[in-house]
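>>> give me a 3D structure for the following:
(chains A and B)
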Amino acid sequence: MKKWVVALVLLHLSIFPLAAQERVELFGYFESQIMGTEIKSNFYHLYTNKLRVDLKSRLSESIVFAANFDYITYHGKTQWNILDFLAPTVASSVPQGMEDFYVLPFSDRSFLDNAYIRFSHRYFDLTVGKQQISLGTGYVWNPTDVFNIKDPVDPTYEQPGHNGVRLDMVLGSAYTLTALYLPEDTWKNSAKLIQLKGRISHFDYAFIAIEKVWRFHDYTRFDVGSMNFLELSERRQLLGASTAGELFGLGVWAEYGYNRMEDSEDFCELVVGTDYTFDFQTHVMIEYYRNTLGKTDYEKYTLTDWMCLFAAEQKAVSRDHVYVFIQHPVTDFLSLGLQTIHSLSDRSFALVPTLNYSLSENVDVMAYVNVNVGKKGQLFSKIIGDGGLLRARVYF
Amino acid sequence: MNASKELKIRGGQAMRNLSLSVVIVLFFVPVLSGQELTGEEIIQEVNELLSPSTSYAQTKMTIVTTSGKKRTFVFDSWSKNEGEKNLVRYLETKRVKDQATLMLNHADDIWMYFPRTQRVRKLATHAKKQKMQGSDFSYEDMGSGDAFVTDFSPERLEDEKKEGYDCYKLELTRKPESDIFYSRLSIWVIKENFLPIVIDYYDEDDPSYLEKTLVQSDIRMIDNIPTAMKAVMTNKNDDTQTEIELLEVRYNVPLDDDMFTERNLKR
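Numbering: from 1, shown residues only, chains lettered A, B, ... in the order given. Presented below is the predicted three-dimensional model:
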C-alpha cells in the first residue's frame, strides 16, 4: 500500500510540473479482461481491470523523460491453488501441513512500471531508470533474455520495467554496442550485459554476454525467516547470439544462449523460427525451442519444476517445444488465428484459436480459447485447465 | 542536433514518393513531345520525377470498409536517396501512436518498432504483402519506389483522356525475374507533367483480374513540384477504399543518414 502511494505521489509530482510546461504527452489505455479456466469440472473466472497511464516529455533537445503507472484490480476467483493444476503424483510431494502455501493470490496492485530519463548524443543514448529490456529475435521464447519470460499464449504482451543504466553506442551506420547495468545490493550481485548488434546483407545479428544472479525457490522447503519458500540463488553467465533475416523468401530467425552456472549444471537454449505471408494474406509462423534444463520424461517433472514455471522463474519444464501460428485477416479489422504449442518431449499440446478485432479506432478486442491435449502430468493436460480469455482495450 | 530536430525547426519537410502510387510527386521538367517518346522513356521520366532526393510528409490515411466504417490514421514519413530509404512514424490513432516502420533498399529490408514492448522486429520481404494498418495499401505499395522501371516492362498504348487530363497510357507487365505482387499495371500519365493520375493494379496470378485502382487528385505545386495532395485506392476485391491526404509536404530537405537507423526507429 505504502509503495503505491509513494509511486502515485511521485507520478503526480512528475506530471503536473511537466504538464504545466505543455510539453508532456499523456496517454495510455484501459484494459478489461475476463479469464476462465476449468478446474475439476467447475469453470472459474478471474476478472482484471488495468489502467495504464503513460507520460512522455522532451525536456530539451537531447533529454527525454518517460514513465508509466499501472493500476490493476482483480475480481472473481482471486485465490488459485496451484496444486489443483498438478498431477496427483506431483502434488503428493508437498510437505504435510504446507498445502496452504501453494495458493496464488491476485491482489489489487499499482506500481510505477517504467520511469526513465534518456540522454541522446550523436554517438550514444544513455537511459537511466526503470525501463523495458527486449532482447533476442525469438517470437515466443528468447534464450538471450534472462530478464523476462513471455507467456507463450500471449507473447507480444508488454514486459515489466527493470531498474538499470543502459548505454547504446553507435559504431558506424550498421553497428550498435550496448552496455547495461542493473544494480542490486553489491556490484557482484548486480546484472551486467554487453551486446554488439550489426547487419550484414539482409541479416541482423547480435552477440551478447550477460552475468546475473539467478534467483529461484525450492518449493518443497520453507524459510521461516522470510515466511516464504526457500530462496536459492546462483550466479549465471550467459553467452549468446541471435540473428534475423530472409532465406529463400522466408523470414528466418535464430537465437542461442549458453548458460554457465556457478553451482548447478550448465545448460543451453536454442530458438529457430520461420514465417511467411501468402498472397491471400494468411501469415504462418513456426518456432522451435529447446531448453536443456527441461526434461524429456514428464514423469520426472518435480513440484519445484512446475512451481518455477508458474512463478515465471524458469522458461520450461520440458525440453523441446514447437509453436505454430496461423493468422488470416478475414476483414480489414478482424483477424482469426490458431496457435498451437507442442511439447515434443512429452507429446502434449495446446490448441489456441484466437480472434483480434478492431472495434473502433482506439478500441481493440482480443479473445482466445485454450484446449489442452495431453495425459495427466504432461505439460498440456486437462488438469492444467481448458479455458479462455476475452480482453477489451481502450486507448486514450 | 539530430535529423528529426532539424526537420521540426524547418517546419517539416518532404515525403518520399510513396511507391508505385500513393503520394505522387514530380519535379518540374520541360514538356517533351509525346509523339517521340516510347513507353520506356515515359516510365523513366515518371520514375525520376517520383523520386526526389529527399522528402518529408505528414499524411492522413482514412480506411473505409464495406460496411462504411472508417478508421483514420496520421503519420509522418521521411525518404532519402530517391526513395531507397523510408521511415514512417504514426502520430494517430492512439492505438498505434509511435509505431514506426523503417524500410531500406527499396523496402527489401523492413523493421517495425512496437513502442509498448519497445521491441524492433525485422520482417522478411514477404511481409510487404501485408496490408498497412488494414488499409488497401500494402507495405510494398509504400516502399518500392523504383519498381516501375526495375520490375516491369512498359508498353505505350494509344493516348487517352483521364480525369480531365490528356494522358499517355502505359501497360506495365511484370518482368519474369521480378517477385513483385502485381502481374501488370495500367497507368495514365498526365502529358503536361508526367504525373500518373490513375493506376490499375492487376492480380498477381490472373492478369485479367483488376485488383485495385488508384486515382489521384488535387494537384498542387509544392516547392515547384506538382504534387497530388489526395489519392484514393479502391480495392475491387474486398470492396473497400483507402483515402490518402497530404497534410504537409516538403521536398529536397537535408536528412541525416542517422535518421534511417534502428536507433532512430525507437525514438
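>>> check what pLDDT the closest residue to chain A within chain B gets.
Taking CB to the nearest CB as the measure, chain B has residue B:124 as its residue closest to chain A, at 3.2 Å. Where you see a C-beta, it was placed from the backbone N, CA and C, and this is true even at glycine. Residue B:124 is assigned a predicted lDDT (pLDDT) of 85.
>>> now do residue A:69
96.
>>> check residue B:250 too.
Per the predicted model, pLDDT is 93 at residue B:250.
>>> run through the bridge partners of it.
residue B:56 (DSSP bridges).
>>> how about the residues of the stretch 151-300 of chain A near chain B?
Contacts of the stretch 151-300 of chain A with chain B, taken as CB under 8 Å from any CB of the partner chain, map to A:156-159, A:168, A:170, A:173, A:176, A:197, A:202, A:204, A:244-246, A:249-253, A:275-279, A:281, A:283.
>>> Throw together a ChimeraX command that grabs the buried residues out of those.
The ChimeraX selection below is limited to those of those classed as buried (16 or more other CB atoms under 10 Å in any protein chain shown):
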select /A:158,159,168,170,176,197,202,204,244,245,246,250,251,252,253,275,276,277,283
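>>> tell me which of the residues of the stretch 151-300 of chain A next to chain B fall in helices.
Among those, no residue falls in helices (DSSP state H).
>>> list the contacts of whatever residue of the stretch 151-300 of chain A ends up closest to chain B.
Chain B sits closest to residue A:251 of the stretch 151-300 of chain A, with a gap of 3.2 Å, by CB to the nearest CB. The neighbours of residue A:251, taking CB atoms under 8 Å, 6 or more residues apart in numbering or on different chains as the test, are A:244, A:245, A:274, A:275, A:276, B:122, B:123, B:124, B:126, B:127.
>>> distance to residue A:314 added to the residues you listed, as CSV?
Below are those laid out as CSV (distance: CB to CB, whole Å):
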residue, distance to residue A:314
A:244, 25
A:245, 30
A:274, 26
A:275, 27
A:276, 32
B:122, 28
B:123, 31
B:124, 31
B:126, 34
B:127, 33
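>>> which one of those residues is nearest to residue A:387?
residue A:275 (27.3 Å; CB to CB).
>>> that closest one pairs with what?
According to DSSP bridges, the partner residues bridging residue A:275 are residue A:251, residue A:285.
>>> show me the contacts for it.
The contact partners of residue A:275, by CB under 8 Å, 6+ apart, come to A:250, A:251, A:283, A:284, A:285, A:286, B:124, B:126.
>>> look up how far residue B:112 lies from it.
Per CB to CB, to the nearest Å, residue A:275 is found 13 Å from residue B:112.
>>> equivalent analysis for residue A:231, please.
39 Å.
>>> same deal with residue A:87?
Distance from residue A:87 to residue B:112, by CB to CB: 41 Å.
>>> tell me how many other residues crowd residue A:99.
12 (other CB atoms under 10 Å in any protein chain shown).
>>> relative to chain B, how far out is it?
Separation of residue A:99 from chain B (CB to the nearest CB, to the nearest Å): 37 Å.
>>> was I right about that residue contacting residue A:84?
No. Counting by CB atoms under 8 Å, residue A:84 is not a contact partner of residue A:99; they are 11.0 Å apart.
>>> which stretches of the stretch 1-150 of chain B have low pLDDT?
Applying pLDDT under 70 to the stretch 1-150 of chain B picks out residues B:1-35, B:140, B:142-145.
>>> which bits of it sit near chain A?
Applying CB under 8 Å from any CB, we find that the stretch 1-150 of chain B lies next to chain A at B:1-2, B:5, B:63, B:65-66, B:69, B:71-72, B:93-95, B:97, B:108-109, B:114, B:116-127, B:129-131, B:134-135.
>>> buried subset of those residues as a ChimeraX selection?
Applying 16+ other CB under 10 Å to the residues of the stretch 1-150 of chain B next to chain A leaves a buried subset, and the ChimeraX line that selects it is:
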select /B:2,63,65,69,71,93,94,95,97,109,114,116,117,118,119,120,121,122,123,124,125,126,127,129,130,131,134,135
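>>> and the helices in the stretch 51-200 of chain B?
Per DSSP state H, counting those that start in this stretch, the stretch 51-200 of chain B carries helices over the ranges B:139-143, B:147-150.
>>> returning to what we had before: name the nearest residue to the residue of chain B closest to chain A, ignoring sequence neighbours.
Distance criterion CB to CB, 6 or more residues apart in numbering or on different chains; nearest residue to residue B:124, sequence neighbours excluded, is residue A:251 at 3.2 Å.
>>> so which residues of the stretch 151-300 of chain A form strands?
A:162-171, A:175-182, A:191-200, A:203-223, A:228-247, A:250-261, A:267-277, A:283-291 (DSSP state E, counting those that start in this stretch).
>>> can you count the residues close to residue 191?
You didn't pick a chain, so chain A it is. 20.
>>> that's the other chain; I wanted chain B
17.
>>> over to the one 5 residues further on?
Taking other CB under 10 Å as the neighbour definition, residue B:196 ends up with a count of 26.
>>> tell me the bridge partners for it.
residue B:189.
>>> now the one 4 residues further on
Each beta-bridge partner of residue B:200 is listed here: residue B:186, residue B:213, as defined by DSSP bridges.
>>> count the neighbours of it for me.
Residue B:200 has 19 nearby residues by other CB under 10 Å.
>>> would you agree it is in contact with residue B:172?
No. Residue B:200 lies out of contact with residue B:172 (CB under 8 Å); the separation is 10.0 Å.
>>> what touches both of those two?
B:185, B:186, B:187.
>>> surely the last one touches residue B:198?
Yes. With contact defined as CB under 8 Å, residue B:187 and residue B:198 form a contacting pair (7.4 Å).
>>> those two: who's more crowded?
Each of residue B:187 and residue B:198 has its neighbours counted (other CB under 10 Å); residue B:187 has more, 28 against 19.
>>> so who does the more buried one touch?
With CB under 8 Å, 6+ apart, residue B:187 has these contacts: B:43, B:46, B:169, B:170, B:172, B:196, B:198, B:199, B:200.
>>> distance of residue A:334 relative to residue A:312?
Separation of residue A:334 from residue A:312 (CB to CB): 32 Å.
>>> in terms of neighbours, single out the busier of these two.
residue A:334 (15 against 11).
>>> does chain A sit close to stretch B:166-175?
No. Stretch B:166-175 stays clear of chain A (CB under 8 Å from any CB), getting no nearer than 13.4 Å.
>>> send the alpha carbons of that stretch over as CSV?
Only the C-alpha atoms of stretch B:166-175 are listed here, as CSV (Å, rounded to 0.1, in the frame of the first residue of the first chain):
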residue,chain,number,x,y,z
ASP,B,166,-4.6,14.4,-71.7
CYS,B,167,-2.6,11.3,-70.8
TYR,B,168,-0.2,8.8,-72.1
LYS,B,169,-1.5,5.3,-71.4
LEU,B,170,1.1,2.7,-70.5
GLU,B,171,0.8,-1.0,-69.9
LEU,B,172,3.4,-2.3,-67.5
THR,B,173,4.0,-6.1,-67.5
ARG,B,174,5.9,-7.8,-64.7
LYS,B,175,9.3,-9.0,-65.7
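>>> show me what the mean pLDDT comes to for it.
93.
>>> centre of the chain to that stretch, how far?
17 Å (CA atoms, centre = their mean, to the nearest Å).
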